[in-house]
Structures are given as C-alpha cells and as structure tokens.
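A.B. asks: Got a sequence here, can you model it:
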Amino acid sequence: MVLTKATTEAAPALHLMKRADPAILRNIFTKYATVEKEGEQFMTESDLIRGYLGMQPERNYNPQTMKLLAGVVDQTKDGLISFIEFQAFEALLCAPDSLHMVAFQLFDINGSGFVSFDEFKRVFSSTEVHQQIPFEFDCRFIMLHFGQDRKKTLSFSEFTQFLFNLQEEHARQAFDKFDKNNLGVINALEFRKIMTTIKGHLLTDYVADNLVSVAGGATKHLVSFPYFNAFNMLLTNMELMKKIYNSVAHGDPYLKVTREEFMYHAQDFPTVTPLEISVLFHLCSLDSSSSGRITMEDLDKVTPEGNLIHEMEVQQPKEKVKRTALTSILESVYRFGLGGIAGATGATAVYPIDLVKTRMQNQRGGVLVGELMYQNSIDCFFKVLRHEGFFGLYRGLPPQLIGVAPEKAIKLTVNDFVRDHIRREDGSILLAGELFSGGMAGGCQVIFTNPLEIVKIRLQVAGELHSGPRVSAISVIKELGFFGLYKGARACFLRDIPFSAIYFPAYAHFKSMFADEDGHNSPLTLLTAATISGAPAAYFTTPADVIKTRLQVVARAGQTTYTGVMDCTKKIWKQEGFWAFFKGGPARIFRSSPQFGVTLLTYELLQRSFVVDFGGRRPEGSQVATHERSYTVDLPPINPDHIGGLRLAVATFAGVESKFGLFLPKFRNPVLKGNHAT
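C.D. replies: Next up is the predicted model:
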C-alpha cells in the first residue's frame, strides 16, 4: 500500500488582473491612512470609502452605508483598516469570483465567515429595493435556508446560491402582492415596476423600453403568473437561446430565423419552453424593422450584460490628467508621422489624375496653331499613356512623395492641434472655429510645400516637350533659386487656405452624419465622408489653382506670360473668359476627392491601429461601438492611486448593487435623496 501525504496547501488562486506591487501599495495606503496606533498606520472607514475610493462624496452621505461598504475590507470589524486588510482586499478584487465574494463579505457583518439570518435581514432591509417592494422575511423560502428557528448560517457557497434564488423569491412575492384579487394576473405597469425594481440588472435598454408593450403577449396587457415566470426565465437563459439560434443558422449571424425553425431546434434543449420562445419572438418583433424573423442582432438587444464588472469599469470616468507642453509636442509628432504615411498613400493612389489635371490647366491661349494638345481630361490621359507609357502617368512622383508626406502631415497635424485648443468644455466646436482651424492648416502647409509644388509641376509638363534638355528636380531647383521656389506662393495661399477651411469642417460634419447610432464610423463611412468633402473644396478653389499653375510653369515661345496674381487673373479673363478659371476642375475633383478620401481613411485607421494615449482626445468615431447601459450614475473617477485589483473596487461595488439589486441608500435621510444631486 502506498501512502500519500495529505496537504493543506491551497491551489494557487487564479487572478484575472495583475496584482499590485506591495511596496507601491503600502506607499499609497500610507498616503490615505490618517490613524496611527502603536506605531502602525490605519485607514478609517471614511479614509477608504470617501478619501481613497472617492465614493459617497455628498455632504449628507449615509454613514450606515459607508460602514457596510468599509466592512467588506475591515475583517476585524474594529472600524480601522490595516495594511494587511487593505492588501487582502486588493487580492480579492483580482479573483474571478470577486463579485460574489464582495457581496458575501457585505452581509458577513461580524466577520465570522458565515452569514446569519439576522445579518442578512439587517443588510437587505437597508437596500432601496426592499424600501420600494418590501420583502417578506417570514416565509418558507427563508425557513428552508436558515431553518425554522432562523439559527442556521450560510457558508460562502451556500450564500451565493441563496442570493441568486432570493431575487426569484422576491419577484414571486411582488407578483403576489400586486395580485390583490388573487386572480393570478397583474397589469402591465405593475409588471414593469417589478422588473425594473427587482430584475433591473437583467434588462437591456431595449427590453426596459418595451416592458409595457410586451406585457402579457400580443393580444392583452394582463400578465399571468406563467407568462411572468417565462419572461424571467427567458432573460436568464438568453445565452441558451443564442445556442439554439446558432444551431439553426450554422454560425451565420445574419440569417433570419422563423419561430417554427427556432421551435424545432429548441427540442434539443429540454429546459426551454414554447412560452419562452413566444415571448422572445414577440419582444424582438417590437422593433420597427422586424419581419417576424430574428437574427443574432435581435438576440443581442435582449441579452443581459455578462461581464458586469468590466461594463462598470468602462463606464467609470477616468481622472482628468493635466497635459504638459512636452506631451502636446509628442502628440503632434505622432500625428505628423501618421499624417506623412497617410499623405504618401493618398498621393500615390491618385497621382495619374493629378498629372492629367496639371497638363489640362497648363493649356493656355496664344498665337501658335494647333497649340491645344488635349481635347479633355480623358483624351489627355490616353495620350500620355500612348506616347509616354504607363510610367509616364507617374512622371514627377518621387519629389511629389517627398513633398506630399510633410504637406499632408502638416495639414492634418495643424488642423487637429488647433481644433483641440479651441474646443468648448463640452467638446463641441463652433463652425467659425472649424473654419479657422482648417484655414490655419492650409496656410501652414504652403510655407513648406510651395517649393516642392513648383518642382512637381515643372516635371509634369516636361513630358509634353519631345526635344530640348532633360528636366530633373535638381535642374529645376538650380534654375529657380531659393526665392524662385516660392513663385506663385500667393496663389497657393489663395487656394490652400479656402480649400482646407472648406474641407475639414465638411469632413467632420459628414463623418458625424454617417456614423452609426453609437457614434462609430466604419472604414467605408470614413472613406465616403472624406471623398465627398473633397468635391466642393476642390472645385470652388480651382480658379486659384489655375492661377498658381500658370505662374509656376515656364511659358513656351508664343504663350502668354504673367507678372503676378492680378496680372494673371486679368489676362485669363480677357483672353480665355470666365470658364478658363475652372479648367481642369473635374480632373481636380477626381484627383482631390479620392486622394483626400484615401489619405483621411489611412490617417484614421493608423490612429486606431497604433494607439498612443497622450491624455488628449481620440478621433471622433474611432471608438468601437458599444451598447453602454446606465446601471448606475455618479461613479467616481479612477485616480492614479487605484492600482492592481483596486482599479476594480468602485466598479465591483457598483456591480454588486446592480447584479443583486443591493442598492444601498447614499444619503443620511433617504427621503431627501430626490433633493440632492446623485
């Protein structure tokens, strides 16, 4: 016989969040502890709840509630919290069953490791759910759990099951109380009162909004007890309902399933009843877009949130961090880099259109016969392709990429920077502010990009000449000199400032218009908004672009020459007429619109893919769509001292309240609650 030595050593605990460093945790504890006793520091109940966690900030806070919450941490129940207890609480919050453990310790008032009937009654009587719909403590349900003499105590495992069944018992008692005539039915408003008070944690916004409409079924608004039970079981078993749907749809979340198909496959799940399925289809059919069939999206609207602590943490606001000048500079450098990549991507995608636009705009009136080389933009495109080959469409691309990367980077960075600094406190921007930020972006880019623009244009039109010396970027720079590189700069200002002032506000508004109901933009809506916004911005600034092109291109023999913006404007008007100012307008639209579409799409997606938190604003529409639910309000912000499991402390307390209906009064006098901001 082989004997194995028994061991009392516990299996290592599974922690879902990384534990806090003990040394750092002690420093934080010391920072908030206000009591010193026999050389050891302690937190008071107020130090922990009001000071450290930021809960119950109201002047008229309820001291009994604070004592109950602090009692979860204060295992010795002496009113003082030691560092060992504080550290143990942090470890508890990292555990996978922390929600139930916190609920258990909330009721374990004397710290015995068991919950007695008196402890349960004392805590539950303090809750708001009991104040609204009183629980009958003298019932068989209580006797079965605590014994006829109420002397039995419940362990942690027993108490978690008791707490789950408690809500069912409370709901049953509530139905019985509202059924005053003992007819086995309640009305729709009474049904809604029970569900929102006792089963609120199981209600999505969609279900809560339709409780009265769904009450009793499609033909009446009286809720029978079987219907009441079926409705509650449906909400509890929604994950099972999703399994049935998947067995019908074979993993296709968009397949529309009929009631008959669903009922047939539900036979493999014996705990699901036909009445529950009827309630499900009736509830889903209340959506105006419903066709009597359901998809996974319909089930999602009914399914309660599973990870309640995570949901609460997401809703908990983060403490505002003061940004330094260095942080702002680093954010601008980050945006500049992403903007450069985005700009190069957009320019490469539409460069052939840009070349056609330039050659069309450079056709000018003169005395030479046969000077008009191209009939229109399409004719120009095919002639370049025929005479210069495919790579002729990309003539001048290298210097364009060198220029367009910083050009778009400057434009995007300056626009974002100015918008961030002129926002109002609610995050909105006046239209005048949007126009100003866009104009600033356009003006700043000209200073850097005008030299590169003139080199690009000289190279693009060089392909029209089949004789003469070879033109390169270096030869153009040598010919023009430093000041020559800024020829046509005034026309650039006239073009780029209005362009950006039109484009960026239009993009912001189109992006908001195309966002889904959660404010999220898909890549397709980003591309659409960015492309559409480029059309008016490009066309209405075409006259300035024509003038700039004429000034920057070398006039050939017999062509009209210009001395400046005004001279160019007068001569074009006199020799070629009004519509000459819009030469190449369509090509400019077909170049600028898709270029900015690709550029802004790339810029936005890069910011989503390479997220760096500088403490500023994320781009509008970039957050993943979530259906947040208002389980609670007034969650205090997480501050930098909330580390390790303690990051989840407030969210866990809020989760206990919502999941189990254990809402404790915030104020000393609950009657005054409505008179105070909560």
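A.B. asks: Angles on the backbone of residue 40, please.
C.D. replies: phi -120, psi 140 (degrees, to the nearest 10).
A.B. asks: Next: residue 223.
C.D. replies: Dihedral angles (degrees, to the nearest 10) for residue 223: phi -100, psi 120.
A.B. asks: Tell me what it is bridged to.
C.D. replies: Note on residue 223: beta-bridge partners by DSSP bridges are residue 186.
A.B. asks: Count residues in the vicinity of residue 41, would you?
C.D. replies: Neighbourhood size, residue 41 [other CB atoms under 10 Å]: 17. The way it works is simple: take the backbone N, C-alpha and C, and place the C-beta from them, glycine included.
A.B. asks: so where do the helices sit in the stretch 401-550 of the chain?
C.D. replies: All helices of the stretch 401-550 of the chain, identified by DSSP state H, counting those that start in this stretch, fall at 431-462, 473-484, 489-514, 523-540, 542-552.
A.B. asks: cool, the stretch 1-150 of the chain as well?
C.D. replies: 22-32, 45-46, 63-71, 83-94, 98-107, 117-125, 128-132, 140-146.
A.B. asks: possible to save these as TSV with mean neighbour count?
C.D. replies: Output for the helices of the stretch 1-150 of the chain, formatted as TSV (neighbours: other CB atoms under 10 Å):
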stretch	mean neighbour count
helix 22-32	14
helix 45-46	18
helix 63-71	18
helix 83-94	19
helix 98-107	22
helix 117-125	17
helix 128-132	16
helix 140-146	16
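A.B. asks: I'd like to know which of these lies nearest to residue 208.
C.D. replies: helix 128-132 (15.9 Å; CB to CB).
A.B. asks: what's the closest one packed up against?
C.D. replies: helix 188-198 (3 or more CB pairs under 8 Å, 6 or more residues apart in numbering; DSSP states H and E).
A.B. asks: Could I get the average pLDDT for the helix it packs on?
C.D. replies: Averaged across helix 188-198, pLDDT comes to 92.
A.B. asks: what's next to it, contact-wise?
C.D. replies: 129, 132-133, 167, 170-171, 174-175, 178, 186, 203, 208, 211-212, 215-216, 221-223, 228, 231, 661 (CB atoms under 8 Å, 6 or more residues apart in numbering).
A.B. asks: Which entries within the residues you listed meet the buried criterion?
C.D. replies: For the contacts of helix 188-198, a burial check counting by 16 or more other CB atoms under 10 Å picks out 129, 133, 167, 170-171, 174-175, 178, 186, 203, 211, 215-216, 222-223, 228, 231, 661.
A.B. asks: Could you tell me which of the contacts of helix 188-198 belong to strands?
C.D. replies: 186, 222-223 (DSSP state E).
A.B. asks: Now do the SS call for the closest residue to residue 334 other than its chain neighbours.
C.D. replies: Computed as CB to CB, 6 or more residues apart in numbering, the closest residue to residue 334 that is not its neighbour in sequence is residue 612, at 5.6 Å. When classified by DSSP: H, G, I helix; E, B strand; the rest coil, residue 612 comes out as coil.
A.B. asks: Give me the neighbour count for residue 612.
C.D. replies: If we define neighbours as other CB under 10 Å, then residue 612 has 10 of them.
A.B. asks: Compute the distance between the residue lying closest to residue 142 once chain neighbours are set aside and residue 39, please.
C.D. replies: Closest residue to residue 142 apart from its sequence neighbours, by CB to CB, 6+ apart: residue 117 at 7.0 Å. Using CB to CB, to the nearest Å, we find residue 117 at a distance of 40 Å from residue 39.
A.B. asks: Now do the contacts for the residue nearest to residue 142.
C.D. replies: 142, 146, 150-152.
A.B. asks: Output the helices of the stretch 1-150 of the chain in CSV, with distance to residue 640 and mean pLDDT appended to each entry.
C.D. replies: Formatted as CSV, these follow (distance: least, CB to CB, whole Å; pLDDT from 0 to 100):
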stretch, distance to residue 640, mean pLDDT
helix 22-32, 9, 93
helix 45-46, 21, 92
helix 63-71, 22, 89
helix 83-94, 15, 91
helix 98-107, 22, 90
helix 117-125, 32, 93
helix 128-132, 32, 88
helix 140-146, 43, 95
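A.B. asks: Please tabulate these in a markdown table, including the columns distance to residue 247.
C.D. replies: Shown next, in a markdown table, are the helices of the stretch 1-150 of the chain (distance: least, CB to CB, whole Å):
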| stretch | distance to residue 247 |
| --- | --- |
| helix 22-32 | 48 |
| helix 45-46 | 52 |
| helix 63-71 | 44 |
| helix 83-94 | 36 |
| helix 98-107 | 30 |
| helix 117-125 | 40 |
| helix 128-132 | 37 |
| helix 140-146 | 36 |
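A.B. asks: So for residue 524, which of those sits nearest?
C.D. replies: helix 98-107 (39.1 Å).
A.B. asks: Taking helix 63-71 as reference, get the angle to that closest one.
C.D. replies: Using axes from the mean of the first three to the mean of the last three CA atoms, to 10 degrees, the inter-axis angle of helix 98-107 relative to helix 63-71 is 130 degrees.
A.B. asks: quick revisit: torsion angles phi and psi at the residue nearest to residue 334?
C.D. replies: phi -130, psi 120.
A.B. asks: how about the helices of the stretch 1-150 of the chain, which one is nearest residue 499?
C.D. replies: Closest approach to residue 499 among these (CB to CB): helix 22-32, 51.9 Å.
A.B. asks: Quick one: list the elements packing against the closest one.
C.D. replies: Against helix 22-32 (3+ CB pairs under 8 Å, 6+ apart) you get strand 40-44, helix 83-94.
A.B. asks: Swap in 6 Å and give it another go.
C.D. replies: helix 83-94 (3 or more CB pairs under 6 Å, 6 or more residues apart in numbering; DSSP states H and E).
A.B. asks: Report the distance from the helix it packs on to the chain centre.
C.D. replies: On the basis of CA atoms, centre = their mean, to the nearest Å, helix 83-94 sits 32 Å off its chain's mean C-alpha point.
A.B. asks: so what's residue 203 closest to, chain neighbours aside?
C.D. replies: Leaving aside its sequence neighbours, residue 203 is closest to residue 195 (6.4 Å, by CB to CB, 6+ apart).
A.B. asks: how deep is the one you found tucked in, by neighbour count?
C.D. replies: Based on other CB under 10 Å, the number of other residues close to residue 195 is 23.
A.B. asks: cool, residue 268 as well?
C.D. replies: 10.
A.B. asks: Also the one 3 residues further on?
C.D. replies: The criterion is other CB under 10 Å. On that basis, residue 271 has 9 neighbouring residues.
A.B. asks: Tell me the secondary structure at it.
C.D. replies: coil.
A.B. asks: and it, what are its phi and psi?
C.D. replies: Dihedral angles (degrees, to the nearest 10) for residue 271: phi -80, psi -10.
A.B. asks: Roughly how far does the residue nearest to residue 334 sit from residue 418?
C.D. replies: Taking CB to CB, one finds residue 612 at 20 Å from residue 418.
A.B. asks: if we can go back for a sec, how close does the residue nearest to residue 142 get to residue 513?
C.D. replies: Taken as CB to CB, the span from residue 117 to residue 513 is 59 Å.
A.B. asks: Could you do residue 181 as well?
C.D. replies: 54 Å.
A.B. asks: Quick one: mean pLDDT over stretch 175-184.
C.D. replies: 93.
A.B. asks: Just the buried positions in the longest helix anywhere in the chain, please.
C.D. replies: Criterion DSSP state H: the longest helix present in the chain is helix 325-362. Residues of helix 325-362 classed as buried by neighbour count (16+ other CB under 10 Å): 328, 331-332, 334-336, 338-362.
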